Structure formats: structure tokens, C-alpha cells
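> This is the structure alone, sequence omitted:
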């Protein structure tokens, strides 16, 4: 069984990583092109639309997707109730968005949102058609079809967004791209699902009775998590205007948006894997440390390099008018590093049925974050908001071990911090070399970036060989260069 889990986990990580890499590259291409076609205010408007939809979509399944993964087998009646709940909720939420879009636009202080929200909200009719089947695939660690659908959706979404922006669609180009993405990644999952796991034509709350308490906590935690990760954009838009939000949103898309794609590379696989080894604290601790180390090995060098190269990268790739985003990119890259460290805790808590503890942690974060961001905006505009986020994330890191990790994994402080120090040490060596190479030497911006990334990347690989031997072994197996591996 252990060997089977290792093989499934490795395959799942491989496919999820490929989908994340394709999505991030295409996202960079889309932003680079649209930044030269659209105004910062257009980016700001779309940021507000995305925040509203993120909140609305989080309620579509009543928090039950994670319950299906974490809690036992999925009987046909239980799955039917879950599937039809998603579809019904999607229709209801879409109707609510259409009805209340003028009110939301007024509350956010931007009437231009009113016609945008119903169009963007059409994704609420599309995504639920595949959500139930995707949850089943994830529970069984079958990640290839999910990854294939996501990659196809990314290609379609970026293509449509760029084509319609070039045709003069303005901010609607971003909405058409989002809808194309939703349609293309939902259809293959839904078609396969109806062929293999067609839900019964019935719905009863009784069939979800054992999941509802878990779902309530999960919805609460999800709401608070969204507030914690997106409230900065709402406040920047409301307090500073959509143009300031446009600059902030571009920085967010370069840092925290890729993080949202990269973290599931490990966590989408780790969550069902952790759920399968409930009660085995030794294996849980080892698996958690490995998940955290893998995320650090990928994210630390990426975001540290981005912070170093931002003064060259942003104006060269997006244009000189986006220079106000440089400092924001650097600060939010620091936020991304700290969020990388804390991200596996959510999957660990949910997999062990500790949704209530996760809810409490996010509630505490929310109560601290709202006034801190408002204060940052009043003192330092968008830069003040980013600085407040960075300060808060560093403070959360300082208390996360005692509040979240130790109660589940037991005393493991030395291993926890040494584990984080390994990828951070390798990334620090890379950062020192890149910082020296990025000093002004009269080169073109692209030459500076190219040389810095190549030599910095080589330095990181060499340092990683010394500090991250297990990740080297895993990478070789991931690439098919080894047929054996140490036990996970």
C-alpha cells in the first residue's frame, strides 16, 4: 500500500506541476501583452470582479468538497447529493450576482462594475458541472485528467483574452478569457464524469448529514482565508481608486497569483495523502516536512529572484508606465515566501478533521489584518498595504508552529525550523549571486535578467544538491531518471 501511495503521489505531483507551470507561463504572457493594451484602471476593475467572484464561488459547494475527500468512501447517494447541490448552488449564486450587482458596485464605489459582474458570474453556471467529478478524481489521486483539462483551459483563456483585447474589447477581454477557461476545463471533466460516475437523479440533505458540520467549518475557514488573501485588493480599490488597484493587481498577479497555482502542486496531492495516513503521527510528520520542503524548494528561489530582478523585469516586460508596481512586486514577493511556509498547515488540519482549528486561526488573522491594511493604506497608499501584509505574515510565521503544527504533529520544533532552513539556505546563496549580477553594468535589461537567471539558477542547483539531497532524489524520480526511491 505504501508503495502504491508513493507512486500515485509522484504521478499526481508530476501532472499538477506541469499544469501549474503551463498556467503560470501563459499567465505571464497574458499579463505582458494586456499590460500594453489595457490601462491600469482596466486591471483594477478586473481585480474587483475577480475578488467578488472568488467570494461567491467559495459558497457553491457549502464546503463539502473537502469533506468528500477527507471522510470515508463516497456512496452513490452521497455523491448525487453533493453533485446536485453544486449545480443548484451555482444557479442560485449566479442569480444573486445578477440581482445584486448594482448594490455591490455601489458598495465598492465603482458603478462600472455593475455590467461586468453578471457576465463574469456566468462561470458560476459552468464550473459546478465538473466540480463533483473533479473532487472524485482528486480523492482517488487521479490527477492527470484534471491537469490536462486545466492546461487546455489556460490555453483557451489566454488566447481569447489576448484576441479580444487586441480587437478593442477593453476590460471585457479579461472576462471573456475567464469564461473560455472555465468552459474548456469543465467540459472534459464533466463528459468523463457522466460516463464513469453519473450521479443519481435525486437530492436529499440526509445523504450529506455526516458532512454538514465539517462543511460549515470549512465554509467559515474558506471565507476568512479569502478575506485574508483578497481584502487588500478590495481596500486598495475602495480607498485609493481603480488605477492604484491596477498597479497593485499587476504586482499581485506576478507574486501571489502564481503562488496560488504553485502551492496546489504539492497540496492537492498532500491533502488526500495525509487523509489516508490519519493516526500515524510519524508518517504525518515526515510527509508534512517533505511537503513544506518541496514548496520551499520551488517557491523560495522563484520569489526571491523576482524581488531582486523586479526593477529591471517590470519596466522591460510590461512597459515603463508600470514602474509604480516595482516596489509592490518586491514586497508581495516577501509575502509569498511567508505564505509558502504556512500553506501546508491548512491541508494538514483538514485532513485530520481539524477544520475548527483552521477556522479559529483564520479568524484571528482576519481580526489583525483588517485594521493593519487600513492603517497601511492611510499611511503609505498601496506600498503601505503591501508593507503591512509583509509585517503581518512574518508575525504569523512566528506563532504558527505553536498554534497549528505542534497540536497535530507533536513536539518537532527543531525538525520544523531545520527543515525550512534547508531550501532557504540554498535560495540565499542564489540571491547573493543574482544581487551582484543585477548591479548596473551598462547591459540591456534582458541581458541582465538572462545572465542573472542562468548563473543564479546554476548556483541554486549546486546549493540544492548540498542542502536538499532528498529533493534531488525525488526530482530524478519525478523526471524518470530513477526507478527507486526512499520511503515517503
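Arrived safely. Fair warning: this is a prediction, and the values are worked out from it, not measured in the lab. Numbers count the residues shown, from 1 in each chain.
> List the contacts of the closest residue in space to residue 252 that isn't next to it in sequence.
Leaving aside its chain neighbours, residue 252 sits nearest to residue 332 (6.3 Å; criterion: CB to CB, 6 or more residues apart in numbering). Backbone N, C-alpha and C define where each C-beta goes, glycine included. Residues in contact with residue 332 (CB atoms under 8 Å, 6 or more residues apart in numbering) are 251-252, 254-256, 386, 389-390.
> What of residue 394?
residue 338.
> Would you list the phi and psi of residue 62?
Backbone torsions for residue 62, taken as degrees, to the nearest 10, come to phi 50, psi 30.
> What's the per-residue pLDDT of the residue nearest to residue 252 here?
Residue 332 carries a pLDDT value of 96.
> Can you tell me how far it is from residue 256?
Remark: distance between residue 332 and residue 256 (CB to CB, to the nearest Å) = 6 Å.
> what's near enough to touch the nearest residue to residue 220 once chain neighbours are set aside?
Setting aside the residues directly before and after it, residue 220 is nearest to residue 359 in space (CB to CB, 6+ apart), at 4.8 Å. By CB under 8 Å, 6+ apart, residue 359 lies in contact with 217, 220-221, 224.
> What helix or strand is the residue positioned nearest the centre of the chain located in?
Centroid-nearest residue in the chain, with CA atoms, centre = their mean: residue 260, separated by 1.4 Å. According to DSSP states H and E, residue 260 maps onto helix 256-276.
> quick one: average confidence on that helix?
On average, helix 256-276 scores 74.
> Name the member of the contacts of residue 359 with the most neighbours.
The most crowded member of the contacts of residue 359, judged by other CB atoms under 10 Å, is residue 221 (24 neighbours).
> which residues touch that one?
346, 355, 358-359, 362.
> what's the closest non-adjacent residue to it?
Distance criterion CB to CB, 6+ apart; nearest residue to residue 221, sequence neighbours excluded, is residue 359 at 4.2 Å.
> Roughly how far does the one you found sit from residue 222?
When CB to CB is applied, the distance between residue 359 and residue 222 equals 9 Å.
> Find the residue ranges of the protein scoring beneath the pLDDT cut-off.
Scanning the chain for pLDDT under 70 picks out 1-10, 12, 71-72, 264-269, 355, 440-441, 474-488.
> residue ranges of the strands in it, please?
Applying DSSP state E to the chain gives no strands.
> remind me, longest helix of it?
Assignment by DSSP state H gives helix 355-400 as the longest helix of the chain.
> tell me the angle it makes with helix 256-276.
Orientation note: helix 355-400 sits at an angle of 120 degrees relative to helix 256-276 (axes from the mean of the first three to the mean of the last three CA atoms, to 10 degrees).
> now helix 355-400, how far from the centre of its chain.
18 Å (CA atoms, centre = their mean, to the nearest Å).
> same deal with stretch 205-224?
That offset, for stretch 205-224, works out to 22 Å (CA atoms, centre = their mean).
> Who wins on neighbours among the contacts of residue 221?
residue 355 (25 neighbours).
> Could you check how many residues crowd around the nearest residue to residue 416 once chain neighbours are set aside?
The shortest distance from residue 416 to any non-neighbouring residue, by CB to CB, 6+ apart, is to residue 401 (5.7 Å). Around residue 401 there are 17 other residues, counting by other CB under 10 Å.
> before we move on, what about residue 409?
Based on other CB under 10 Å, the number of other residues close to residue 409 is 21.
> separation between the residue nearest to the centre of the chain and residue 58?
13 Å.
> Quick check: residue 132 touching residue 78?
No: look at residue 132 against residue 78 with CB atoms under 8 Å: they stay out of range, at 10.7 Å.
> quick one: which of the two has more around it?
residue 132 (28 against 23).
> can you tell me which residues contact the more buried one?
Taking CB under 8 Å, 6+ apart, we find residue 132 in contact with 79, 82-83, 86, 193, 199.
> Go again with 6 Å.
82-83, 86 (CB atoms under 6 Å, 6 or more residues apart in numbering).
> between those, which is nearest residue 169?
residue 86 (30.2 Å; CB to CB).
> what about residue 67, distance to residue 215?
Residue 67 sits 5 Å away from residue 215, going by CB to CB.
> Counting neighbours around each, name which of those two comes out higher.
For residue 67 and residue 215, the more surrounded residue by other CB under 10 Å is residue 67, and the numbers stand at 26 against 22.
> I'd assumed residue 216 was in contact with the more buried one.
No: judged on CB atoms under 6 Å, residue 67 makes no contact with residue 216 at a distance of 10.1 Å.
> Can you get me a residue count around residue 111?
10.
> follow-up on the earlier one: closest to residue 245 out of the contacts of residue 332?
For the contacts of residue 332, the residue nearest residue 245 by CB to CB is residue 252; the value is 9.4 Å.
> Run a quick neighbour tally on that closest one.
The number of residues packed near residue 252 is 29, by other CB under 10 Å.
> for the one 10 residues further on, same thing?
The burial count assigned to residue 262 is 24, neighbours taken as other CB under 10 Å.
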